[in-house]
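[1] the sequence and its predicted three-dimensional model are supplied below.
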Amino acid sequence: MSKETLISHLRNIPDYPMEGVQFKDVTSWFMIPEDLNEIVDSIYEMYKDKGITKVCGIESRGFVVGAALAVKLGAGFIPIRKPGKLPYETVSLEYKKEYGKDRVEMHKDAITEDDVVLIHDDLLATGGTMLASYNLVQMFKPKKTYINFIIELYNLNGRDAFPKEVPIDSFISIDEFA
Ligand code: AMP
């Protein structure tokens, strides 16, 4: 399946959840078996030779493809969650959002120094959520950390938020108004 065909199946919802946002609704992909399969297989191909031992998925849309990737890569799956959702002891990191603050959390035994980590989320916008998640994962001192998105809204320049040496790859790169 071509990327153009996939992009044509992606639902865009203007002004959701607030005015000015062009919301890319990835559930319009997840409900079509061929689309979901294409996304998981293509991202798997990008990382199959990297020795990934843990896939971290960011709540909640990052859980869907993140968990499928973990199975295909033979890796463990780690949820990165909003505050107060994880039952065991956690490590957490606070970060600034456009309005106010937020926090990401992981279980304190989620990653070891022997792990090679892939952090996955559905979409890169400004990069704030992923940068906080990346910094949280780095607190565990893994051997290496890769970052992946299904979609990157390149006109928002989210990847500029990250140090240059961080490997960031997205499956589909589009303008938010595409
Ligand atoms: P950011 O931290 O700005 O990169 O925002 C990324 C997070 O917010 C991801 O978990 C996305 O699911 C969600 N998000 C932000 N902007 C959009 C958008 N235009 N369409 C869909 N999801 C978005």
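    Perfect, I can see it now. All figures in this text were calculated on a predicted structure; none of them were measured in a lab. Numbers count the residues shown, from 1 in each chain.
[2] mind listing what the residue nearest to the spatial centre of the chain touches?
    In the chain, the C-alpha nearest the mean C-alpha coordinate belongs to Asp121, at 1.4 Å (CA atoms, centre = their mean). Asp121 sits next to Gly57, Ile58, Arg61, Gly62, Gly66, Thr129, Met130, Ser133, Asn148, Phe149 when contact means CB atoms under 8 Å, 6 or more residues apart in numbering. In this view, the C-beta of every residue, glycine as well, is placed from N, C-alpha and C.
[3] and for His9?
    So His9 contacts Ser28, Trp29, Ile32, Asp35 (CB under 8 Å, 6+ apart).
[4] ditto for Ala178
    Here Ala178 is in contact with Ile7, Asn12 (criterion: CB under 8 Å, 6+ apart).
[5] same thing with Thr145?
    Val116, Val117, Leu118, Ile119, Tyr134, Val137, Gln138, Val166.
[6] and it, what helix or strand is that in?
    Here Thr145 sits within strand 144-153, counting by DSSP states H and E.
[7] in that strand, what's buried?
    Thr145, Tyr146, Ile147, Asn148, Phe149, Ile150, Ile151, Glu152, Leu153 (16 or more other CB atoms under 10 Å).
[8] and the helices in the chain?
    3-8, 27-30, 33-47, 61-73, 128-138 (DSSP state H).
[9] contacts for the longest one?
    To tie it back to what came earlier, the one meant is helix 33-47. 1, 6, 9, 29-30, 65, 68-69, 72-73, 118, 120, 146, 148, 150, 169, 171.
[10] just the buried ones from those residues, in PyMOL syntax?
    Applied in PyMOL, the following selects the buried portion of these according to 16+ other CB under 10 Å:
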select buried, resi 6+29+30+65+68+69+72+73+118+120+146+148+150+171
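[11] who's sitting farthest from the centroid in the chain?
    Outermost in the chain, CA atoms, centre = their mean: Glu19 at 23.8 Å.
[12] tally up the residues packed near Gly100, please.
    By other CB atoms under 10 Å, 6 other residues sit near Gly100.
[13] got it, and Pro163?
    Residues near Pro163, counting by other CB under 10 Å: 7.
[14] quick one, phi/psi of it?
    Reported as degrees, to the nearest 10, the phi and psi values for Pro163 are phi -60, psi 140.
[15] and the gap between it and Phe23?
    29 Å (CB to CB, to the nearest Å).
[16] now do the contacts for the spatially closest residue to Asn135 that is not a sequence neighbour.
    Leaving out its chain neighbours, the residue that sits closest to Asn135 by CB to CB, 6 or more residues apart in numbering is Leu93, at 5.7 Å. Applying CB under 8 Å, 6+ apart, we find Leu93 in contact with Arg103, Val104, Ala132, Asn135, Leu136, Met139.
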